[in-house]
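Colleague: Give me the fold of what follows.
(2 chains)
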Amino acid sequence: MAAIATLDRAAKKGVSAVQQYALISGRALGNLFRRPFYGADIITQADIIGVGSIPIVLLTGFFTGGVLALQSASTLAQFGAAAVTGQLVSFSMIKELGPVLTSLMVSGRNASGMASELGSMMVTEQIDAMRALGTDPLKKLVMPRITATIIMLFFLTIISDAIGILGGAAISVFLLGQDSSQYFHTAYQSLRYADLVQGMVKPLFFGFIIATIGCYYGMTTRGGTQGVGRSTTQAVVVSSVLIIASDFVISRFMIGIFGR
Amino acid sequence: MSQAAIAPELKPNSPDEPVVVFENVTIGFENKPVLNNISFTVKPGETRILLGPAGVGKSVLLKMADGLMRPDSGRIFVFGEEISAMPEEQLFALRSRIGIVFQEGALFDSLSVRNNVGYRLMEEHRPEEEIDQRVVEALRFVELEQTVDRFPSQLSGGMRRRVAIARAIITKPDLILYDSPTGGLDPITSTTIIELVMKQRDVYHTSSLLVTHRLQDAFVLASHIFNRKTNKMEPLPEGQSDPQTSFLVLNNGKLVFDGSTHDLVHSDDPFLKEYLS
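Modeller: Numbers count the residues shown, from 1 in each chain, chains lettered A, B, ... in the order given. As a prediction, the model looks like this:
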């Protein structure tokens, strides 16, 4: 009986968490079209989330493209296909690694930041104070973070893709002695519209996941500084897992639509 | 300046209508009851001091009075409107008539004192000159106008509480809720805070609900009056207490006392006797 009761409590807790997450996300997004509109807060968050993440995105993109070229060139050479290294790097970066790795980096940096910032505000009653002063925290704090993350992750992914392809080029040309025009030619010519759409749609979903999960864990923080730490960790873990899991679902869906 | 400038504005309310009414309010968390069947009223101009042991649910009760928490059952009326059944959007408008001072001040870390105190005015997009003027007036009330450009982290605990009071009174509220405004402060700073609460009570006659577990602060508030001429509080004659100040006592989730200072100190209730001793 005790086991059933525990299971019952856990199930209710799980359903309640999903319900609360949906409510926070839905109300925050609905607030995008209601006054007052916190445009300045969106710009501030875009600066913190987007501009602040550029260094890690550049480094991650460059070295991912580089290692991709390094690893694939030797395998491709066995089949006499080293000439298509550029194609492999650009395909992988644009369709998968660019969006996913950028999102994971931004998740590590910003989902944790949102959870800890909002969590600290929760435990020090600043969120209650905000409500008491007539401001909806979902409008003032959550909506700008979601909007800014979705927009900025889209552009960060484009930067990451470009830098990844350049990183692959640098390794292919300077380390592996391949021809640069051949690398860029194969990288560019083999790309289709569907590949770009696939790579550009993903960051929109991943940005939503990062911001809503970060804000959800922040806004539901309980239990003082220990609770803030717990929320921060959970936000990174859950958003990272959801990014990878949803990447699979989106990829399958896109392949179903575009056939590649 | 300016004391008049931060006196409460007249609102279209019946003078006899209670400002706050709790009707059989019950709330619990994770299947554990916290407050059970609580009923009381706060009349216009009245200061009600809510006493009780730590963890009894005093802050929860105060938050329910501002609509920050909703009761499981029962009804709460503020300014004649049932806030326990009001959507959050409507509550935001009602809260413009309520000032609240949180336990630790709850100032926004990332904003300066000026922006903390003037937060509500900024959200209402008032002109900058008006915000500056009213922020300085509110800070002058708590005697902290020199801190206007500082950040909360640069203030002492007592200063933070005083800034929180300035933030609560800047919109000239009809009701002020104080959540342990002296908690964790040294006795001298506590007296300064209590003097400010008294000033708001005796100069502007603002209705208020004050939560505290410090009996000394509660009785200072009940037995003193603020003198506008000397700008200091003065004790009332021996045996007298402020008629507008009365007490509520919570214990084990229930309201065990609701009455005047005289009734409280002369109560035969064993719990109250032990609690007050």
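
Colleague: can you list the residues of chain B near chain A?
Modeller: Chain B comes close to chain A at residues B:63, B:66, B:68, B:88-89, B:92-93, B:95-96, B:98, B:100, B:102-104, B:106-109, B:119-120, B:123, B:167, as judged by C-beta under 8 Å from any C-beta of the partner chain. Bear in mind the C-beta positions are built from the backbone N, C-alpha and C, glycine included.

Colleague: For A:Met105, identify the helix or strand it belongs to.
Modeller: Under the criterion of DSSP states H and E, A:Met105 resides in helix A:98-106.

Colleague: one step back: among the residues of chain B next to chain A, name the ones in helices.
Modeller: Among the residues of chain B next to chain A, DSSP state H puts B:63, B:88-89, B:92-93, B:119-120, B:123, B:167 in helices.

Colleague: how about the residues you listed, which pair is most distant?
Modeller: The largest separation in these, counting by C-beta to C-beta, is between B:Glu89 and B:Arg167 at 22.2 Å.

Colleague: So those two - more neighbours on which side?
Modeller: B:Arg167 (30 against 9; other C-beta atoms under 10 Å in any protein chain shown).

Colleague: Run through the residues that contact that one.
Modeller: Applying C-beta atoms under 8 Å, 6 or more residues apart in numbering or on different chains to B:Arg167 gives the contacts A:133, B:99, B:107, B:116-117, B:119-120, B:138.

Colleague: before we move on, back to that, could you pull up the mean pLDDT of the helix holding A:Met105?
Modeller: Taken as a whole, helix A:98-106 has an average pLDDT of 96.

Colleague: Alpha carbons of it, as PDB, please.
Modeller: The C-alpha trace of helix A:98-106 is given here as PDB (Å, rounded to 0.1, in the frame of the first residue of the first chain):
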ATOM      1  CA  GLY A  98      25.500  23.600 -35.200                       C
ATOM      2  CA  PRO A  99      22.000  23.800 -33.700                       C
ATOM      3  CA  VAL A 100      22.500  21.100 -31.100                       C
ATOM      4  CA  LEU A 101      25.900  22.100 -29.800                       C
ATOM      5  CA  THR A 102      25.100  25.800 -29.800                       C
ATOM      6  CA  SER A 103      21.900  25.000 -27.900                       C
ATOM      7  CA  LEU A 104      23.700  22.900 -25.400                       C
ATOM      8  CA  MET A 105      26.300  25.600 -24.800                       C
ATOM      9  CA  VAL A 106      23.600  28.300 -24.500                       C
END
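
Colleague: Run through who's touching that helix.
Modeller: Residues outside helix A:98-106 that contact it (C-beta under 8 Å, 6+ apart): A:49, A:53, A:56-57, A:60-61, A:64, A:149, A:153, A:156-157, A:160-161, A:164, A:199, A:202-203, A:206-207, A:209-210, A:240, A:243-244, A:247.

Colleague: among the residues you listed, which are in helices?
Modeller: Short answer: the contacts of helix A:98-106 in helices (DSSP H) are A:53, A:56-57, A:60-61, A:64, A:149, A:153, A:156-157, A:160-161, A:164, A:199, A:202-203, A:206-207, A:209-210, A:240, A:243-244, A:247.

Colleague: Mind telling me which residue of the stretch 151-260 of chain A is nearest chain B?
Modeller: As assessed by C-beta to the nearest C-beta, chain B sits closest to A:Arg222 within the stretch 151-260 of chain A, at 10.2 Å.

Colleague: how far does stretch A:15-34 sit from the chain's center?
Modeller: Its chain's C-alpha centre and that of stretch A:15-34 lie 19 Å apart, by C-alpha atoms, centre = their mean, to the nearest Å.

Colleague: where do the strands sit along the stretch 1-150 of chain B?
Modeller: Along the stretch 1-150 of chain B, counting by DSSP state E, counting those that start in this stretch, strands occupy B:20-29, B:32-42, B:47-51, B:73-78, B:81-82, B:98-101.

Colleague: quick one: strands adjacent to the fourth one?
Modeller: Put plainly, it is strand B:73-78. Using DSSP bridges, the strands paired with strand B:73-78 are strand B:20-29 (antiparallel), strand B:81-82 (antiparallel).

Colleague: Cool, thanks, signing off.
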